[in-house]
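Student: pasting the structure only:
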């Protein structure tokens, strides 16, 4: 290689290096711009999708309820007396008119002592004296009335004087009747003294047997031990455990939606399959109840009849807890989507639909909702996928990425 060629090559290399040094800042700036664009480029948002499906949709009112026997009978003591110990236990079978529930020995009235008898005799004598006085006054008033009536016919006295004498005669007759009643009462007290003596009629009063008024089972024994009971005291409670109904406490605003004949499903009662029931009555009066959080609520009782045969719920008894699902509306072929995919868009309802990797805003017409699923009556087709819980992070036309668990 000659000296001239070497000089020429060195000049070329020098110019090339110079050009590279001048282009390096531009290349760095371009790379920085590319990195900024990549960093600011909208990234797909990961979302969950759910398909619109046709199927059964139910709107229910879910509350706790308690069973109770439809017809229950409380047997009480007909007389005051000494109750003999009741041997029957809750659950025992009873037969109407034959099973003896309880036996009561009537208590004899307290014996009158000498002092009590003396007071009774004095009351009797006083009543006799008052009666004699009242009779004399009544006779005098009657005589005065007759005399004034005669004078009135002769126009010797005025009508006001006659009416005054007639009023006195009437009052005297009433006083005489009251005195007679007081005398009879005092004589009755003395007659009771003779009856309550040993060997009298009260000492021979037979025991009173209480027999079952209906056939069924013994539900509760209020007075088991032997003791003195007053008349009207509850002793036992009877009923038929197979004849059950369910009482469900619901909020008053939910009770407005429920009508007689509404189907009910009873769950968590202790058996396998839910029990079928039907609403018979929605009580017309509500009541105030304080919730577990301390909030006052207006509630109303819904009474439902059990439709499941007794042999399939043999162990279910009185005052058992159940979870009631009252079906206020249902459709067998409703187009439904998760409730979390539907939101308000102005005055309309809308959903975001998955359309070829982007979110498409779609106005829809909604029907019923049970809190978990919502009925779609227009704007959406079966099989289309909607975005769950879009919130504010989803915009129309935004790219999305399906989130898979």
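Tutor: That came through fine. Note that the structure is a prediction, hence the values are computed from the model and not measured. Numbering: from 1, shown residues only.
Student: ok, residue 89 to residue 224 distance?
Tutor: 9 Å (C-beta to C-beta, to the nearest Å). C-beta here means a position set from N, CA and C on the backbone, and glycine is covered the same way.
Student: hmm, who's touching the helix or strand containing residue 209?
Tutor: Here residue 209 is covered by strand 208-211, with elements defined by DSSP states H and E. Contact with strand 208-211 is made by 75, 77-79, 81, 96-106, 235, as judged by C-beta atoms under 8 Å, 6 or more residues apart in numbering.
Student: end to end, how far does stretch 271-288 reach?
Tutor: This stretch, stretch 271-288, spans 32 Å end to end (C-alpha to C-alpha, to the nearest Å).
Student: the strand holding residue 209 - what's its average pLDDT?
Tutor: The average pLDDT for strand 208-211 rounds to 90.
Student: likewise for stretch 319-329?
Tutor: For stretch 319-329, the per-residue pLDDT averages 94.
Student: return the distance of it from the chain's centre.
Tutor: In terms of C-alpha atoms, centre = their mean, to the nearest Å, the centre of stretch 319-329 is found 11 Å from the chain centre.
Student: mind listing what's buried along it?
Tutor: By 16 or more other C-beta atoms under 10 Å, the buried positions in stretch 319-329 come out as 320, 322, 324-326, 328.
Student: of all pairs in those residues, which one is the farthest apart?
Tutor: Greatest spatial distance among these (C-beta to C-beta): 320 and 328, at 24.2 Å.
Student: circling back: neighbour count winner among residue 89 and residue 224?
Tutor: residue 224 (15 against 9; other C-beta atoms under 10 Å).
Student: could you find the closest non-adjacent residue to residue 120?
Tutor: residue 189 (4.6 Å; C-beta to C-beta, 6 or more residues apart in numbering).
Student: ok, residue 388 next?
Tutor: residue 48 is the one closest to residue 388 (C-beta to C-beta, 6+ apart), at 4.3 Å.
Student: does that neighbour touch residue 387 like I think?
Tutor: Yes - Residue 48 is within contact range of residue 387, at 7.2 Å (criterion: C-beta atoms under 8 Å).
Student: of those two, which one has the most company?
Tutor: residue 387 (22 against 17).
Student: look up how far residue 373 lies from that one.
Tutor: Per C-beta to C-beta, residue 387 is found 16 Å from residue 373.
Student: so which residues of the protein form helices?
Tutor: 3-40, 114-153, 159-195, 252-255 (DSSP state H).
Student: now the longest one: average pLDDT?
Tutor: The average pLDDT within helix 114-153 is 85.
Student: and it with helix 159-195, angle?
Tutor: 160 degrees (axes from the mean of the first three to the mean of the last three C-alpha atoms, to 10 degrees).
Student: not counting its neighbours along the chain, what's nearest residue 72?
Tutor: Of all residues not flanking residue 72 in the chain, residue 239 sits nearest, at 4.2 Å (C-beta to C-beta, 6+ apart).
Student: count the neighbours of residue 52 for me.
Tutor: A count of nearby residues for residue 52, using other C-beta under 10 Å, gives 20.
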